[in-house]
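# Pasting the sequence and the predicted coordinates here, then a few questions.
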Amino acid sequence: MTRTIIAGVSVYDGTGTPAYEADVEIRDDIIASIRPAASHPPTDSIDGRGLMLAPGFIDAHTHDDFAVIAAPAMTAKVTQGVTTVVVGNCGISGGMDVTAHGDLPDPLVLLGAADAFRYDDFAAYARAVDRAGPATNVVALVGHTALRARHMDALDRDATGAERTAMRADLTTALDAGAFGFSTGLAYANANAASTEEVMALAEALRDTTALYCTHLRSEAGEIVAALDEAFAIGRHAAAPVIVSHLKCAGAPQYGRSGEILAMLEIAAATQPVGCDCYPYTASSSTLDLKQVVPETPIKITWSDAEPAQAGRMLADIAADWGTDLRTAAERLQPAGAVYHCMTDGDVDRILAHDLTMVGSDGLPCDPRPHPRLWGSFPRVIGHYARDRGLFSMATAIRKMTGLPADRFGLSDRGYVREGLAADLVLFDPGQIGDRATYDDPTVPAAGIVGVWVNGIATLTLAGPTGTRGGRMLRRPTHPTTKGL
């Protein structure tokens, strides 16, 4: 038996209530006891005075599908207190072979090279995660675009009846093997041709389960209202909770619409389970999308296969050097990745502060010059938004990153500081915690994280990552009693 006591620490338990002082004892992989702080704690305890203890942060939106296998130390995440990552978002998932019909399609390229997609099915992928033993726990979704690439010889059309049947069978098999839900990325070209009826036909596999429908909306710009209506309709059809991925008002014509969009979520949530995730930045990041190349959106190129020397530069500067317009320059750079400065602080503030919103980094670990959200999202929510700006309380910030996502994904054994739950914990200095990664220097670890435990394993100390990993592939119970949210 291993035993650790964190003494005299201020505990944020994940419920959103104010902190209280306690001695917290970890035995093996669980929180064994929570007692009033003793005046004379054991000499071998960790001195938690002046520090805050919270449940380990749950990153509700990642693209770490292969990172948890290829780079299981998960340094970008554990250094910011993340103990669980949700993979398979935006229709992009790594749990199956998708190369039978040719080259790896966009946006699956965001996860890595084609040879990484080598698993026969979700169960094989899950076993590979088990073998890798990552530093974080893993919650996996099944991606719609991955299913399309697996079963369709062309992605610029709606799926046939036979193709829908094959995709739904794979989705059902994955859900039976422990996948937590179904994700779509309908804004991307290789999923955009799918009709609502195609998505509904697949989403029917979610009925009578606790699995969720998570969606990168068909539009985050001018057609966002119709896209939200579509998402809610799919959720009702499947009798499944809906999570809207990285909710935003993207592009200058949408600035200021966050109140309208959040009102739509509130109305829907009155009659069906609905939530969203959000990252705490005013820039997005993905592959270079010609539809988003407009003069009012500053764009930074993060990588380019055609013009690798241009990585790290602003698209406008590249176009000026080449003596051409933005679109022509973007076409010459393809395929490429980009950061889009396409949101306002006011909209991000309103969405991030909303009661329905949890936190997801949406970081891209394969990007050679990633958006700083990969390394900084969670400390930024606490340090910048809660402590420095007072957008919400620190207790609320912790809730958005722990108990709320645990409830939504049905993680009944973690997400709170409670006796008997898994010992996923983060110890931090409330005066020092904050993000240090920037758009120009995006891989700088966050400040103020003092300790991280994953299933009771000390994964990070003040000296840095310990090299010991305690993460697990989490599997959704196949006979649950309640739905998430």
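Received, thanks.
# Give me the residue at the spatial middle of the protein.
His61 (1.2 Å; Cα atoms, centre = their mean).
# now the strand or helix carrying Glu230, how far from the chain's geometric center?
For Glu230, the element it lies in under DSSP states H and E is helix 224-238. Distance of helix 224-238 from its chain centroid, counting by Cα atoms, centre = their mean, to the nearest Å, is 21 Å.
# Report the buried residues of that helix.
Residues of helix 224-238 classed as buried by neighbour count (16 or more other Cβ atoms under 10 Å): Ile224, Ala227, Leu228, Glu230, Ala231, Phe232, Ala233, Ile234, Gly235, His237, Ala238. Where you see a C-beta, it was placed from the backbone N, CA and C, and this is true even at glycine.
# ok, Ser412 - contacts?
Ala406 (Cβ atoms under 8 Å, 6 or more residues apart in numbering).
# Tell me how far the residue nearest to the centre of the chain lies from Val98.
Applying Cβ to Cβ, to the nearest Å, one obtains 21 Å for the distance of His61 from Val98.
# Surely Ala458 and Thr466 touch.
Yes. Here Ala458 reaches Thr466: they are 5.6 Å apart, a contact under Cβ atoms under 8 Å.
# ok, residues contacting the helix holding Glu230?
Residues outside helix 224-238 that contact it (Cβ under 8 Å, 6+ apart): 186, 196, 199-200, 203-207, 213, 215, 217-220, 241-242, 244, 249, 254, 257, 260-261, 264-265, 268, 272-274.
# average pLDDT across it?
What helix 224-238 shows for mean pLDDT is 98.
# mind saving the C-alpha coords of that helix as PDB?
Taking Å, rounded to 0.1, in the frame of the first residue of the first chain, the C-alpha atoms of helix 224-238 are listed here in PDB:
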ATOM      1  CA  ILE A 224     -24.600  29.000 -36.800                       C
ATOM      2  CA  VAL A 225     -28.300  29.200 -35.800                       C
ATOM      3  CA  ALA A 226     -29.300  26.500 -38.300                       C
ATOM      4  CA  ALA A 227     -26.300  24.400 -37.300                       C
ATOM      5  CA  LEU A 228     -27.300  24.500 -33.600                       C
ATOM      6  CA  ASP A 229     -30.900  23.500 -34.600                       C
ATOM      7  CA  GLU A 230     -29.400  20.600 -36.500                       C
ATOM      8  CA  ALA A 231     -27.300  19.500 -33.500                       C
ATOM      9  CA  PHE A 232     -30.300  19.600 -31.100                       C
ATOM     10  CA  ALA A 233     -32.500  17.700 -33.600                       C
ATOM     11  CA  ILE A 234     -29.900  15.000 -33.900                       C
ATOM     12  CA  GLY A 235     -29.700  14.700 -30.100                       C
ATOM     13  CA  ARG A 236     -33.400  14.400 -29.800                       C
ATOM     14  CA  HIS A 237     -33.600  11.800 -32.600                       C
ATOM     15  CA  ALA A 238     -30.900   9.700 -30.800                       C
END
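# Ramachandran coordinates for Ser183?
Main-chain torsions, Ser183, degrees, to the nearest 10: phi -120, psi 150.
# Start the count at 222 instead of 1 going forward.
OK, 222 is where the count begins now, so the last one is Ser404.
# could you check the distance from it over to Leu585?
Separation of Ser404 from Leu585 (Cβ to Cβ) stands at 16 Å.
# which one of those two has more residues nearby?
Ser404 (29 against 26; other Cβ atoms under 10 Å).
# ok, the more buried one touching Val360?
No. With contact defined as Cβ under 8 Å, Ser404 does not reach Val360; the gap is 11.6 Å.
# on that earlier part again, which pLDDT does the model give the residue nearest to the centre of the chain?
You'll see His282 listed with a pLDDT of 98.
# For it, which non-adjacent residue is closest in space?
Nearest residue to His282, sequence neighbours excluded (Cβ to Cβ, 6 or more residues apart in numbering): Gly581, at 2.6 Å.
# ditto for Asp377
Of all residues not flanking Asp377 in the chain, Ala414 sits nearest, at 5.3 Å (Cβ to Cβ, 6+ apart).
# what number of residues lie near the one you found?
Counted with other Cβ under 10 Å, Ala414 comes out at 16.
# Can you tell me the SS state at Val350?
With DSSP: H, G, I helix; E, B strand; the rest coil as the basis, the three-state label of Val350 is helix.
# I figured Thr320 hits Ala335, correct?
Yes. The pair Thr320 / Ala335 is scored as a contact, 5.1 Å apart, by Cβ under 8 Å.
# Could you chop the chain up by domain?
Here the domain assignment for the chain is 224-276+640-686, 278-502+564-630, 504-563, based on automatic domain parsing.
# Just name the most buried of those domains.
domain 278-502+564-630 (a mean of 22; mean count of other Cβ atoms under 10 Å).
# who are the neighbours in contact with the residue nearest to the centre of the chain?
With contact taken as Cβ under 8 Å, 6+ apart, His282 is in contact with Val307, Asn310, Ser466, His467, Asp498, Tyr500, Gly581, Ser582, Asp583.
# Local confidence estimate at the second one?
Same thing as Asn310. pLDDT, Asn310: 98.
# sorry, back to before: ok, the contacts of His282 vs Ala527, which is closest?
Asp583 (25.1 Å; Cβ to Cβ).
# Quickly find the element holding the closest one.
In this structure, Asp583 sits in neither a helix nor a strand according to DSSP H and E.
# show me the contacts for it.
So Asp583 contacts His282, Thr283, His284, Asn310, Ser466, His467, Tyr500, Ser505, Ser506, His592, Arg594 (Cβ under 8 Å, 6+ apart).
# Retrieve the pLDDT associated with it.
Per-residue pLDDT puts Asp583 at 98.
# can you check His261 too?
Looking at His261, its pLDDT is 87.
# so how far is Gly229 from it?
From His261 to Gly229 the distance is 10 Å (Cβ to Cβ).
# repeat for Cys470
44 Å.
# Ok, which of the domains of the chain comes nearest Arg697?
Comparing the domains of the chain by Cβ to Cβ, domain 278-502+564-630 comes nearest, at 4.7 Å.
# How far does the closest one stretch from one end to the other?
Separation of the first and last residues of domain 278-502+564-630 by Cα to Cα, to the nearest Å is 13 Å.
# Do me a favour and get the backbone dihedrals for Thr305.
phi -140, psi 130.
# hang on, Ile522 packs against Leu554?
Yes. At 6.2 Å, Ile522 counts as touching Leu554 under the criterion of Cβ under 8 Å.
# got any residues that touch both of these two?
Joint contacts of Ile522 and Leu554 (Cβ under 8 Å, 6+ apart) are Leu509, Gln531, Leu536, Ile539.
# in terms of contact, does the first one touch Gly558 like I think?
Read it as Leu509. Yes. The criterion here is Cβ under 8 Å, and Leu509 meets it with Gly558 at 6.3 Å.
# Next, show the common contact partners of the two.
Residues touching both Leu509 and Gly558 by Cβ under 8 Å, 6+ apart: Ile522, Ser525.
# Please produce JSON lines containing the domains of the chain, extended by distance to Thr699.
Below are these laid out as JSON lines (distance: least, Cβ to Cβ, whole Å):
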{"stretch": "domain 224-276+640-686", "distance to Thr699": "20"}
{"stretch": "domain 278-502+564-630", "distance to Thr699": "6"}
{"stretch": "domain 504-563", "distance to Thr699": "33"}
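# what about these, which gets the closest to Met694?
Nearest of those to Met694, taken as Cβ to Cβ: domain 278-502+564-630 at 4.2 Å.
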